[in-house]
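Asker: Turn this into a structure:
(chains A and B)
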Amino acid sequence: MSAAIEVAGLTKVYGAKRALAGVDLTVPTGSVFGFLGPNGAGKTTTLRILTGLAAPSGGEARVFGHDVVSATNQVRADIGFLPDVPGYYEWMTAPEFLRFAGSLFGIGGRVLDERVEALLDLAGLTGVRQKIGGYSRGMKQRLGVAQALINAPKLLMLDEPTSALDPIGRKEVLDMISSLGGRTTVFFSTHILSDVDRVCDTVAILHEGRVVTQAPIGELKSRYGTSKLVVGVTEGADALAAAFRAEPWAAEVARGDNGSIKITVADLESARRAVPAMVAAAGVGLTRFETGEVSLEEVFVDLVGGER
Amino acid sequence: MRGFGAFLGKEFREIVRTWRIWVLPGIVLFFAISGPPLAKITPELLSSFVPADSGMVIQMPDPTYVDSYLQWTKNLQQIVLFTVIIMFGGIISVEKKSGTATLVLTKPLSRTAFVISKTLSALVLLVVTVCVGALATWGLTYAIFAEAPLAPIAQATGTWLLTGALFLALMVALSAAMDSQAGAAGLGFLGFIVLSIATLWKPAMDYSPAGLLSAPTTLVMGESATLGWPIATTVALTLACVAAAVLVFRKREL
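Answerer: So this is what the prediction gives:
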């Protein structure tokens, strides 16, 4: 699969602050890609460089093979972009804004008419005659996604599209993004893990200006899930948890509900051999013994050291 | 200049559909309409301030069309110029601050087209407004004084428009370089003060835009003025300000 975005050694320095410290990233064409990181990790800076709003201090970034610094016109023709807080001409209505956005791409006539109609429908704004100045935050975000799609972009870039929305607004915007899967490449920055879990197929985690991991979500979970064990016993869970803690293969042990013990293991094979023997030696029944189902949140916390 | 036509169209629609259509035209038309009657009653107004029993007599010549035209040029040189400085102090920075620049400049609209469209639309607003104001003053002057030659007011207004365009271009450059509308307006006023002080120095009057600052008054009074160099340097400086605005804005991060 060819790459929609290729970033290598990208750096950005603001005075004494290093916002990006060598970002390496590859976004496959056709993916719905979650760009995950805590606030201040460098997500918006990366997007600003990719869209030509800011210049990199070092490294290189390409969108569909075009350098984002020297070939900004080609890049902008291929992308749709929604910034974290989109600014609109509030005296316009949604159809007017979409027509204006289309005209900047040189789109006109019937093609523009049809796209405006389809995108208003997608954004749930058909028939809304109010000016944009009177819109709710959710309506503005939905219009933001619609205007980013006016040129039928090969790559849609969304910067924290749901971060300031209420649950209903979030669901509406996520539904819009989900519906784009397979039709265009979506690059979606956020710090909300559940949003990534819900709509993305691939994820990169950014921390302190560097990508600490990048993989399809399923692969990432299984990669980290293999180091987790969940053990269930009929009684004496506290004593067993204490015994596990003393073992060299156990990195971390936590008590769960209903006699369960969650173990983060340093050596899975040793743990698999030792745990049943220790349960039997304690004279209690074993009700559960499985590789843990790891959440994206646990992966994220592991990789960024609990910082959110 | 990709996206120039589409963005220029947006600029004109924005002028017509927002506060912009009321501020500059409102101020210009107010003074254009109030100037001629004010020139007519000014001598009577001044006489009325002298108490009848004081024995003082103020003798003033009867007002003429020249007094009416002087009202117009005085307002252009001060109030209208100050309005241009304040109103256009945020012509670029407001779009940057509100986020609209981010949305349009990630589409195929070049930054050059962005700056030129905004400058051109503001210039059209200024020229049309001031020309309509000049016509209103001319018509009312004729109605009140029964004499209103067109040439002096046309020459004075045309000359002022060059100064107005220079300050508009200066505000575009300042607004492209800094985020604060108040800061840009402050520097614009500083430019006006510097130019006003320069009128005290003859070489500046002969060869720089300072020569155009008092020219409208000179022209409506029927005096001759040699304005070749001031016009040339004003036009050159106006173009240089627009070019500087484009260059600065192309380098800025949004």
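
Asker: Kindly report the residues of the stretch 151-254 of chain B close to chain A.
Answerer: With CB under 8 Å from any CB of the partner chain as the criterion, the stretch 151-254 of chain B meets chain A at residues B:E253, B:L254. All C-beta spots, glycine's among them, are computed from the backbone N, C-alpha and C.

Asker: For the residue of chain A found nearest chain B, which non-adjacent residue is spatially closest?
Answerer: Closest to chain B within chain A is A:G87: 2.4 Å, counting by CB to the nearest CB. Spatial nearest neighbour of A:G87, excluding adjacent residues (CB to CB, 6 or more residues apart in numbering or on different chains): B:G99 at 2.4 Å.

Asker: quick one: contacts for the one you found?
Answerer: A:P83, A:V85, A:P86, A:G87 (CB atoms under 8 Å, 6 or more residues apart in numbering or on different chains).

Asker: How about A:I168?
Answerer: A:G138.

Asker: Give me the mean pLDDT for the strand or helix carrying B:M87.
Answerer: According to DSSP states H and E, B:M87 maps onto helix B:81-87. Averaged over helix B:81-87, pLDDT sits at 97.

Asker: For the following helix or strand past that helix, name the packing helices and strands.
Answerer: Note on helix B:81-87: by DSSP H and E, the next helix or strand toward the C-terminus is helix B:93-98. Judged by 3 or more CB pairs under 8 Å, 6 or more residues apart in numbering or on different chains; DSSP states H and E, helix B:93-98 is in contact with helix B:150-177, helix B:181-198.

Asker: Run through the neighbouring helices and strands of the last one.
Answerer: Just to be clear, that refers to helix B:181-198. helix B:81-87, helix B:93-98, helix B:150-177, helix B:210-213.

Asker: let's go with 6 Å and repeat that
Answerer: helix B:81-87, helix B:150-177, helix B:210-213 (3 or more CB pairs under 6 Å, 6 or more residues apart in numbering or on different chains; DSSP states H and E).

Asker: Show me where chain A has its strands.
Answerer: With DSSP state E as the criterion, chain A has strands at A:3-14, A:17-28, A:32-36, A:58-63, A:66-67, A:79-82, A:155-159, A:185-190, A:202-207, A:210-216, A:228-233, A:250-255, A:260-265, A:286-291.

Asker: of all these, which lies closest to B:T233?
Answerer: strand A:3-14 (39.5 Å; CB to CB).

Asker: for the record, mean pLDDT for that closest one?
Answerer: pLDDT averaged over strand A:3-14 gives 96.

Asker: For the nearest residue to B:W201 once chain neighbours are set aside, give me its contacts.
Answerer: Distances taken as CB to CB, 6+ apart place B:A210 nearest to B:W201, at 7.7 Å, with adjacent residues excluded. Applying CB atoms under 6 Å, 6 or more residues apart in numbering or on different chains, we find B:A210 in contact with B:L195, B:A198, B:T199, B:A204.

Asker: Against chain A, how distant is the third one?
Answerer: The one in question is B:T199. Using CB to the nearest CB, to the nearest Å, we find B:T199 at a distance of 41 Å from chain A.

Asker: residue contacts, that residue?
Answerer: B:T199 neighbours (CB under 6 Å, 6+ apart): B:M205, B:A210, B:L213, B:S214.

Asker: pLDDT and distance to B:G191 added to those residues, as JSON lines?
Answerer: Output for those, formatted as JSON lines (pLDDT from 0 to 100; distance: CB to CB, whole Å):
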{"residue": "B:M205", "pLDDT": "94", "distance to B:G191": "17"}
{"residue": "B:A210", "pLDDT": "95", "distance to B:G191": "11"}
{"residue": "B:L213", "pLDDT": "93", "distance to B:G191": "11"}
{"residue": "B:S214", "pLDDT": "89", "distance to B:G191": "16"}
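
Asker: from these, which is closest to B:L247?
Answerer: Checking those one by one against B:L247 (CB to CB), the nearest turns out to be B:A210, at 25.6 Å.

Asker: returning to what we had before: tabulate the helices and strands packed on helix B:93-98 (TSV), appending mean neighbour count and mean pLDDT.
Answerer: TSV is the format used below for the helices and strands packed on helix B:93-98 (neighbours: other CB atoms under 10 Å in any protein chain shown; pLDDT from 0 to 100):
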stretch	mean neighbour count	mean pLDDT
helix B:150-177	23	97
helix B:181-198	16	96
